[in-house]
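Novice: requesting a structural model of the entry that follows:
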Amino acid sequence: MFWLLFCIFFAACLGAGVTGGLFPPGPWYRALSKPSWTPPDWVFPVTWMVLYACMAIAGARAAMADNNGIAMAFWAMQIAFNGLWTPVFFGLRNIRMGMAIIVVLWLTVFSAMLALWQVDTIAGLLFVPYLIWVTIAAALNASVWSLNREEAAKPTVQQG
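Specialist: I've put the predicted structure just below:
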């Protein structure tokens, strides 16, 4: 049963992650000013694959636990906001809205971590690296916003 649940949760993670392929950073992002501590491009997909595996394990473990309703609700909420950030930031090129989404993502990841911890300690621990990464991503988003005020003030790019 664990492996079936793991596959379901991992598929949800990959569904959120596919937005990275649909809305790649591209020339617009490369032209933005970024802080010196910006990770190299290759770090992002490697980190996300590890995090997605941890998230899927956490979800599967919690799904098998009793009294897991709140944890499962927060798990679902965080993956929805996870999948939303990339299309807004890279697709719409909306740095400010990306910042708003990543703040909500951080709050949902933190809440999910706490809720998961209540039903399965290991599941909660598996969300700690994710929270750290989203904290770094939020700091990067804030820095890009700060360093590119004029670009951030432009109207959102309309697709299609």
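
Novice: contacts and neighbour counts: CA atoms only from here.
Specialist: Noted.

Novice: so which residue is dead centre in the chain?
Specialist: For the chain, Asn82 is the residue whose C-alpha lies nearest the centre (Cα atoms, centre = their mean; 3.6 Å).

Novice: what number of residues lie near Asp153?
Specialist: I think there's a mix-up here, since residue 153 is Ala and not Asp. 12 (other Cα atoms under 10 Å).

Novice: give me the mean pLDDT for whichever strand or helix holds Ala139.
Specialist: Here Ala139, judged by DSSP states H and E, is contained in helix 128-147. The pLDDT scores in helix 128-147 average 97.

Novice: that helix packs against which elements?
Specialist: Helices and strands touching helix 128-147, by 3 or more Cα pairs under 8 Å, 6 or more residues apart in numbering; DSSP states H and E, are helix 43-63, helix 95-119.

Novice: list the buried residues of the helix or strand that it is followed by.
Specialist: Elements were assigned by DSSP H and E; along the chain past helix 128-147, the next helix or strand is helix 149-153. Across helix 149-153, burial judged by 16 or more other Cα atoms under 10 Å covers 151-152.
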